[in-house]
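>>> I'd like to go over a predicted model; first the sequence, then the structure.
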Amino acid sequence: MFLGSFTPKLDEKGRFFLPTKFREQLSRGMVISRQPERCLAIWPVDAFQAEVEAAATGRSTDENSRLMQRMFASGASDESADSQGRVTVPSVLRNYAGLDKEIAVIGAYTHVEVWNPAAWEEYQANKEEYFAQVNNGGNKE
């Protein structure tokens, strides 16, 4: 399970140090993919395979299913950490997520997400009230 928030930096080659607590779970390889919120997801290979199987169940005649399959697969990249625990984020994925030197890396249970820090702060601010209401059974006390 991936938990926590971290703020590593991207170097000039588009690499960052994977948080130590995530390295073992990703040691057998990982897949980096686009997420709809303009962030990236880093999946252990097995978890990515489960996502692929779920996405592939959509009917090929359904436009939304085709869209999700295309966007998910075409933006995915097989990666592995180097001996120092650094992961390279391909430039096309860095551009998609608006990543520069500063990044936010968060645990999301089954995968890791990489965000532009300003986008992550905005997302949290926009979803905080909803999150509080959902976790309070919808009560506004």
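Sure, I can see it. Here the structure is a predicted model, which is why all the values come from computation and not from measurement. Numbers count the residues shown, from 1 in each chain.
>>> Pull out the buried residues from stretch 94-111.
Arg94, Tyr96, Ala97, Leu99, Ile103, Ala104, Val105, Ile106, Gly107, His111 (16 or more other C-beta atoms under 10 Å). The way it works is simple: take the backbone N, C-alpha and C, and place the C-beta from them, glycine included.
>>> And these, which is closest to Ala125?
Distance to Ala125 across the buried residues of stretch 94-111 (C-beta to C-beta) is lowest for Ala104, with 13.4 Å.
>>> pLDDT weak spots in the chain?
For the chain, the stretches flagged by pLDDT under 70 are 135, 137-141.
>>> which residues in it form strands?
Assigned by DSSP state E, the strands in the chain fall at 5-6, 15-17, 30-34, 40-44, 77-79, 86-88, 104-108, 111-115.
>>> Out of these, which is closest to Glu51?
Here strand 40-44 is closest among the strands of the chain (C-beta to C-beta), at 6.6 Å.
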